[in-house]
Every structure is written in C-alpha cells, then in structure tokens.
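Student: from the sequence below, what's the structure:
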Amino acid sequence: MTNKLEFLKKYNLTENQFLGKEEISGSLNLDSLTSIPEGFNPTVGYSLYLDSLTSIPEGFNPTVGGSLYLRSLTSIPEGFNPTVGYSL
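Tutor: This is a model prediction of the structure:
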C-alpha cells in the first residue's frame, strides 16, 4: 500500500477509524495486505485479519475485541503491545 489516502479509500475507512478513535464494528479482513501504512492503529469490535503481513511497523498496537491474526509475521518490533480480547 503506497499511501494512507489510497488505503482509506480501498478499505472504506474513515480517518478516525484508521487512527483508532472510532471503532470498526465487526471484523476487518485485510488478509491480502503485505504492508500497512504508518499510523494505522484501528479499534476493531471483533477480529482483525492481517495474515499476509511479514512485519509490522513500530507503534502498531491495535485494539481488537476478538482475535488478531498475524500468521505470517517473521519479526515483531519492540514495544508491540496490542489489546486483544480473545486470541493472538
């Protein structure tokens, strides 16, 4: 993903949802993403699927009511501390 505006438009998200200031109800499936824009820190009501990411940027700490799926990660930055209601 090259920039934040393209990301917002493609996934039909608001700026506040991108920043985690407004909850995304239900699940958010971003399985096809191989990278996420800097500053993306969503609050998701149920599950967040990011299965194709191999790395995450520093400062990425989403709040997820259900499960956070990061099956392809090969590294985790220091300070990674998401809030997850069910499983990581």
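Student: ok, longest helix in the chain?
Tutor: helix 4-10 (DSSP state H).
Student: and it, what does it pack against?
Tutor: helix 15-19 (3 or more Cβ pairs under 8 Å, 6 or more residues apart in numbering; DSSP states H and E). Quick note: C-beta positions are derived from backbone N, CA and C, even for glycine.
Student: average pLDDT across the helix or strand following the helix it packs on?
Tutor: Moving toward the C-terminus from helix 15-19, the next helix or strand (DSSP states H and E) is strand 28-29. Mean pLDDT, strand 28-29: 96.
Student: and stretch 4-17, by the same measure?
Tutor: The model assigns stretch 4-17 a mean pLDDT of 94.
Student: now what about that stretch, what contacts it?
Tutor: Residues outside stretch 4-17 that contact it (Cβ atoms under 8 Å, 6 or more residues apart in numbering): 1, 18, 22-24, 28, 30, 36-37, 39-40, 42-43.
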